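> could you look at this predicted model? Sequence included:
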Amino acid sequence: MLTFTNTSKVSCTLTGYPGVSYVAGSQGTQIGAPAARLTGTVTAVTLQSGSSAFATLREVVAGNYPSSCGLTNVAGLRIYPPNQTAALFVAQNTQGCSNSSDLLLQVGPVASNAAAASS
């Protein structure tokens, strides 16, 4: 589950899907395919200062794929909040597939509560 918290003093609105991909190295090089979109209802979520919105994130273990996936060490996730061009980084030491035809990540649209995001 991804959690987006409004840390500013003013309200903001998120609508749609975040962009998510695995990254590696000091330059944050993308590894494999970005997250595919899960089917879900897209709604505008207005966040007051200090409140949060949520999005489902599903990950498949790269070790379940054949050697053709190009198993690669991953430093974390690059996450773009919906309709934003500035990315966030979340450290997560794991493994991904460098072959972009092997989809390891899926993401849902933002929702106003965690229960709605996971349905």
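Ah, there it is. Numbers count the residues shown, from 1 in each chain.
> all strands of this protein, in order?
Taking DSSP state E as the test, the strands found in the chain are 2-5, 12-15, 19-24, 29-31, 36-37, 44-47, 52-55, 57-59, 71-80, 88-97, 105-107.
> just name the most buried of those.
strand 52-55 (a mean of 23; mean count of other C-beta atoms under 10 Å). Every residue, glycine included, has its C-beta placed from N, CA and C.
> dump it to CSV, restricted to CA.
The C-alpha trace of strand 52-55 is given here as CSV (Å, rounded to 0.1, in the frame of the first residue of the first chain):
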residue,chain,number,x,y,z
SER,A,52,-3.5,11.0,3.6
ALA,A,53,-4.6,9.2,0.4
PHE,A,54,-3.8,5.6,-0.5
ALA,A,55,-3.0,3.4,-3.5
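> pLDDT averaged over it, what's the number?
For strand 52-55, mean pLDDT rounds to 97.
> stretch 65-73 too?
Per-region confidence: stretch 65-73 scores 93 on mean pLDDT.
> also stretch 34-48?
97.
> center of the chain - which residue?
Geometric centre of the chain, nearest residue: Val20, 3.4 Å, by C-alpha atoms, centre = their mean.
> thought it was touching Leu104?
No. Counting by C-beta atoms under 8 Å, Val20 sits too far from Leu104 to count as a contact (10.4 Å).
> once you drop chain neighbours, what's closest to Val60?
Distance criterion C-beta to C-beta, 6 or more residues apart in numbering; nearest residue to Val60, sequence neighbours excluded, is Leu104 at 4.7 Å.
> list the contacts for that neighbour?
By C-beta atoms under 8 Å, 6 or more residues apart in numbering, the contact set of Leu104 is 22, 32-33, 59-60, 62, 96-97.
> can I get the strands of the chain in CSV with distance to Ala114?
Output for these, formatted as CSV (distance: least, C-beta to C-beta, whole Å):
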stretch, distance to Ala114
strand 2-5, 8
strand 12-15, 14
strand 19-24, 17
strand 29-31, 27
strand 36-37, 19
strand 44-47, 12
strand 52-55, 5
strand 57-59, 12
strand 71-80, 17
strand 88-97, 17
strand 105-107, 14
